[in-house]
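# after the sequence you'll find the predicted model.
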Amino acid sequence: MQFDLLIKGGEVVDPGGNQRGKLDVAIRRNRIAAVDQNIPAESARRVVDATGQYVTPGLVDLHTHVYHSATCWGIRADPVAARSGVTTWLDVGSSGAYNFPGFREFIVKPATARIYALLNISSIGLTASTWELSNLNYLDVDLCTKLIDHNRDLILGVKVRIDRNTTSGTGIAGLERGRQAAELCGLPLMAHIGYGPPTLDEVLTLLRPGDILTHCFTGGTMRIIGDDGALLEIAKRAWDSGVIMDIGHGAGSFSFATAASLIDAGYRPDVISSDIHQFSVHGPLFDLPTCLSKFLALGMSLEQVIAASTIRPAEVMGMQNEIGTLKVGALADVALWELEEGDFTLYDVHMTPRQGRQLLHNTLTLIDGRELAHASDDPPMPWIAITEQQQALIEQGHTPEHMVRQAKTGTGCTC
């Protein structure tokens, strides 16, 4: 036997490896060992039949919150990974300097999913729902850089949420200090935008090539389009300079109107990420595949949405030779998909509907060549109340599971 596992008969979509077509994927130990046509079944100890399915690298989610049981926002990564094809999770700012050691010990170590982090400039991280920048004493640049230097295997940059709630009157100080910490450590800065103050101009002025503007397709007052729907000049300059435009759908940060204006004008996001957390996992986000399906509905191709959720975020993380690709030698993180055809209504965070014809449905997730076992999601935390809108989505059958079931059974999906 030459291989441990062979995925046979699927349609490979691997933008990072420039591989597309009817190809078999062979795994030895925890690495991709071969990608080729007609690899003999007898060459592997185990064969997975992927006929009629798409085979992609495991998804790389550049914006997540997985510090569960210790922060307001965190979910548990592994159950969602097993049903969504997300094999690498970047937790962005859930932990600050004071609670990062707990993140390493109790979240990263026990998880099967690959988990990395951006450290919050606020030393308390996202323990509460917001206000982490309102006390300037928590914005300790020296402590932030010290924690990063002691944890460079896991911490890949600095995160700052910058909007009217998180700042609570402290203006742009949080982002300025985040900028200092990022430069001292030689790492990128991720800035969250939404509703000002401060202004978008103040934020973009502090971003450098390689930094990340998350929630880039927000409908909030800090959006990157004008009232006419055109990309603002300051945003265009930042984008052209190399600032990474990341979706970060979340519970309040993705607008179909903003997205349609930009995509129709030829501006596709660099990265499509979920911003999955306690408030968004129950809809209308649900998970990253549902988010990707929204961009299929907006006119992006399957290859484009897979690139924006695999190789591009892997490049942003500096890990493009290890994850986000099926190139020989890369880690054996693989996802299998059915692309369901039907009539699906998808929603942005404002509950604005958009009709889609395709829905990505994950059927198998492998990390290091090992299949992730399915498990139930944790119940919502005590401070989470399912909103009327979320309850309506559930009751009316707008969850991904229900839409897939209707598409498969042909029961007349009106979702």
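Nice, thanks for sending it over.

# per-residue pLDDT, residue 138?
We have a pLDDT of 98 for residue 138.

# likewise for residue 399?
93.

# do the same with the one 10 residues further on
At residue 409 the predicted local distance difference test score is 81.

# next up, the contacts around it.
By C-beta atoms under 8 Å, 6 or more residues apart in numbering, no residues touch residue 409. For glycine as for every other residue, the C-beta is placed from the backbone atoms N, C-alpha and C.

# neighbouring contacts of stretch 96-103?
Under C-beta under 8 Å, 6+ apart, the answer for stretch 96-103 is 67, 70-71, 91, 94-95, 117, 119-125, 127, 132, 138, 140, 143-144, 146-147, 151, 155.

# can I assume residue 285 sits in a helix?
No. Read with DSSP: H, G, I helix; E, B strand; the rest coil, residue 285 is coil and lies in no helix.

# now it. Nearest residue, chain neighbours left out?
Nearest residue to residue 285, sequence neighbours excluded (C-beta to C-beta, 6 or more residues apart in numbering): residue 249, at 4.9 Å.

# just to revisit the earlier point, helices - which of the contacts of stretch 96-103 land there?
Here DSSP state H is the test, and these give 143-144, 146-147 as lying in helices.

# of those residues - the most surrounded one?
Neighbour tally across the ones in helices among the contacts of stretch 96-103 (other C-beta atoms under 10 Å): the maximum, 27 neighbours, falls on residue 144.

# any idea which helix or strand carries the residue lying closest to it once chain neighbours are set aside?
Among residues not flanking residue 144 along the chain, residue 181 sits closest, at 4.4 Å (C-beta to C-beta, 6+ apart). Using DSSP states H and E, residue 181 sits within helix 173-185.

# just the CA coordinates of that helix, formatted as PDB?
Coordinates of the C-alpha atoms in helix 173-185 are reproduced here as PDB (Å, rounded to 0.1, in the frame of the first residue of the first chain):
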ATOM      1  CA  ALA A 173      -6.600  55.800  20.300                       C
ATOM      2  CA  GLY A 174      -7.200  52.100  20.200                       C
ATOM      3  CA  LEU A 175      -6.200  51.800  16.600                       C
ATOM      4  CA  GLU A 176      -3.200  54.000  17.100                       C
ATOM      5  CA  ARG A 177      -1.900  51.800  19.800                       C
ATOM      6  CA  GLY A 178      -2.700  48.700  17.800                       C
ATOM      7  CA  ARG A 179      -0.700  50.200  15.000                       C
ATOM      8  CA  GLN A 180       2.300  50.700  17.400                       C
ATOM      9  CA  ALA A 181       2.100  47.100  18.600                       C
ATOM     10  CA  ALA A 182       1.800  45.600  15.100                       C
ATOM     11  CA  GLU A 183       4.800  47.600  13.900                       C
ATOM     12  CA  LEU A 184       7.000  46.700  16.900                       C
ATOM     13  CA  CYS A 185       6.200  43.000  16.200                       C
END
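
# which positions in that helix come out as buried?
By neighbour count on 16 or more other C-beta atoms under 10 Å, the buried set for helix 173-185 is 173-182, 185.
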